[in-house]
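>>> here is the input, now give the coordinates:
(chains A and B)
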Amino acid sequence: NAGVTQTPKFQVLKTGQSMTLQCAQDMNHEYMSWYRQDPGMGLRLIHYSVGAGITDQGEVPNGYNVSRSTTEDFPLRLLSAAPSQTSVYFCASHATGDYGYTFGSGTRLTVV
Amino acid sequence: GQQLNQSPQSMFIQEGEDVSMNCTSSSIFNTWLWYKQDPGEGPVLLIALYKAGELTSNGRLTAQFGITRKDSFLNISASIPSDVGIYFCAGRAGGTSYGKLTFGQGTILTVHP
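Model prediction:
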């Protein structure tokens, strides 16, 4: 049981480039979310999903897109990377009735 | 949006000492969660609290859900070096906010042997 798997672990982008951060879970969880972590600011919610085909914005959605075509996968797309998007990104999932999210190990993104 | 204020921001303690940290919110939460994050890893759930006034323990960790539903605290007794890390509180409101967690800024804990 792999839990929540995020790829890549590290990425360097140039300003204006696009990329997709991958997230997959094998626990058949309905809920999935993306957070970014910046020093002194905790984790902030970017987008979340309550099931396949359903997504909604979180606290800091600008510059990011998501889709949820399957229960297992929840990719996060950066359309045109900016230095302000330099951060550590975490994907998380949980099942209905289970209030505690299971987190992946993160993707450390640097935009230069 | 909802705000969670977590304090202290950092703590430097000696092994064997007890630790206390807390979170306060500007609004009511239905669930309080406490997570620990080790370097290079994602947060791991320590304790979940579901009812106002609830006091829950997990080994040397004890957490409480405040009566007003706007605060929670975490205590760690007899700290050991492996307690080092960042501790986060998180809250979940009800209704359409189900699935959304709001996190505090984190408490960085350093334990000196």
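>>> please, where are all the strands along chain B?
In chain B, the strands defined using DSSP state E lie at B:4-7, B:10-14, B:19-25, B:31-37, B:44-49, B:55-58, B:61-65, B:71-76, B:85-92, B:102-103, B:107-112.
>>> can you list these in JSON lines and add distance to residue A:31 and mean neighbour count?
In this view, the C-beta of every residue, glycine as well, is placed from N, C-alpha and C. Shown next, in JSON lines, are the strands of chain B (distance: least, CB to CB, whole Å; neighbours: other CB atoms under 10 Å in any protein chain shown):
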{"stretch": "strand B:4-7", "distance to residue A:31": "20", "mean neighbour count": "18"}
{"stretch": "strand B:10-14", "distance to residue A:31": "31", "mean neighbour count": "12"}
{"stretch": "strand B:19-25", "distance to residue A:31": "21", "mean neighbour count": "20"}
{"stretch": "strand B:31-37", "distance to residue A:31": "13", "mean neighbour count": "24"}
{"stretch": "strand B:44-49", "distance to residue A:31": "14", "mean neighbour count": "19"}
{"stretch": "strand B:55-58", "distance to residue A:31": "22", "mean neighbour count": "12"}
{"stretch": "strand B:61-65", "distance to residue A:31": "21", "mean neighbour count": "20"}
{"stretch": "strand B:71-76", "distance to residue A:31": "22", "mean neighbour count": "22"}
{"stretch": "strand B:85-92", "distance to residue A:31": "11", "mean neighbour count": "24"}
{"stretch": "strand B:102-103", "distance to residue A:31": "15", "mean neighbour count": "24"}
{"stretch": "strand B:107-112", "distance to residue A:31": "26", "mean neighbour count": "17"}
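>>> dump these into TSV; add mean pLDDT as well.
As requested, the strands of chain B are exported to TSV (pLDDT from 0 to 100):
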stretch	mean pLDDT
strand B:4-7	94
strand B:10-14	96
strand B:19-25	96
strand B:31-37	95
strand B:44-49	94
strand B:55-58	96
strand B:61-65	97
strand B:71-76	98
strand B:85-92	94
strand B:102-103	92
strand B:107-112	96
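>>> between the ones you listed, which gets nearest to residue A:3?
With respect to residue A:3, and counting by CB to CB, the nearest of the strands of chain B is strand B:44-49 at 10.9 Å.
>>> chain center to the closest one, what's the gap?
Remark: strand B:44-49 is offset 8 Å from the chain centroid, using CA atoms, centre = their mean, to the nearest Å.
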